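J.: Quick one, structure for this:
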Amino acid sequence: MNIVLTVVNNDVNLASQQVLAYLKPQGSNSDWLSSAWAACSPQTGGGSSTLPAITNDVEAYATWSNNMNKTAMVSIPNQYMSTISQSGNVVQLGQPVLDATDLTAQQSGVTNTTSITDMYVVWCVNNSSVCKPANPMMNTGISSFELTQSVYFTIGSQTKTQTFIVQNWTALSQIPLASNLVSADIVVAMNKSTNTPTFTITNQKYS
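T.: Numbers count the residues shown, from 1 in each chain. Below is the predicted model:
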């Protein structure tokens, strides 16, 4: 999967807000805290902004002590597991190894072998944060990650990758993504009767 989306602003006055794009992980909504994966501010009247590519390149990093500490980001392919380990005061996220026992062919995973009680793993796509578990990972805990085949849009003032919330996905505009989609435009326009923005996919190109 390597999908490039361009947001085209038809007639929405964003003012101090932005178009926010979210990617949704598989699993129960209550299991995850999500952040805006991408944000842009194309000018009204046809201005456009191209988002980072949505790819199968999944990364993760571990964070603890109320986000005061974190490991380096590690790329974790599908069906590979990376381990959070601690040696003295050094905590690191190790290089991933194949794990066909705990993970499906579509999942990436992280397991925690430390005694740190407020350890979280932040999952990223194309180096931008997508989500983290709602609850910390205890010792021997596993966090597995798999994307759904959709992107979700809204307009808001949240800062990309900085604010993690329990997302109300039904309040966002869902755009399903075909597995063979290569690129498309996402046109944002104002519905004059409801005074709410709409998001429509156009100009799709397929492999």
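J.: where in this protein is pLDDT low?
T.: 159-162 (pLDDT under 70).
J.: Now do the domain split for it, please.
T.: Annotated domains of the chain cover 2-21+36-54+149-206, 55-145 [automatic domain parsing].
J.: Which one of those lies nearest to residue 28?
T.: domain 55-145 (9.3 Å; CB to CB). To be clear about C-beta, it is placed using only N, CA and C from the backbone, and glycine gets the same treatment.
J.: re the thing from before, could you look over the domains of the chain and pick the most buried one?
T.: Of the domains of the chain, the one with the most neighbours on average (mean count of other CB atoms under 10 Å) is domain 55-145, at a mean of 17.
J.: gap between that domain and the chain center?
T.: 14 Å (CA atoms, centre = their mean, to the nearest Å).
J.: Distance to residue 30 added to the domains of the chain, as a markdown table?
T.: Below are those laid out as a markdown table (distance: least, CB to CB, whole Å):
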| stretch | distance to residue 30 |
| --- | --- |
| domain 2-21+36-54+149-206 | 7 |
| domain 55-145 | 6 |
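J.: could you pull out the helices for this structure?
T.: Taking DSSP state H, the chain contains no helices at all.
J.: residue contacts, the one residue sitting closest to the centre of the chain?
T.: The chain has residue 130 as the residue nearest its centroid, 2.2 Å off, counting by CA atoms, centre = their mean. For residue 130, the contacting residues are 22-23, 25, 34-35, 37, 123-124, 145, 147, by CB atoms under 8 Å, 6 or more residues apart in numbering.
J.: Between these, which sits nearest residue 134?
T.: Taking CB to CB as the measure, residue 34 is the one of the contacts of residue 130 closest to residue 134, at 9.9 Å.
J.: That closest one touches residue 163, doesn't it?
T.: No. Residue 34 is beyond contact range of residue 163, at 9.4 Å (criterion: CB atoms under 8 Å).
J.: what touches both of those two?
T.: With CB under 8 Å, 6+ apart, residue 34 and residue 163 have no common neighbours.
J.: Kindly check the end-to-end length of stretch 42-62 for me.
T.: 33 Å (CA to CA, to the nearest Å).
J.: cool, stretch 172-183 as well?
T.: Stretch 172-183: ends 21 Å apart by CA to CA.
J.: ditto for stretch 148-168
T.: Stretch 148-168 has an end-to-end distance of 16 Å (criterion: CA to CA).
J.: cool, stretch 140-158 as well?
T.: 33 Å.
J.: quick one: it to chain centroid distance?
T.: 4 Å.
J.: do the same with stretch 190-201
T.: That offset, for stretch 190-201, works out to 24 Å (CA atoms, centre = their mean).
J.: Give me the residues contacting that stretch.
T.: Here stretch 190-201 has contacts from 10-12, 153-155, 173, 175, 184-189, using CB under 8 Å, 6+ apart.
J.: Can you name the residues that contact residue 6?
T.: 48-51, 183-186.
J.: Pick the one among those closest to residue 58.
T.: Nearest to residue 58 among these, with distances taken as CB to CB, is residue 51, at 16.9 Å.
J.: give me every residue that touches that closest one.
T.: 4-7, 21, 38, 40.
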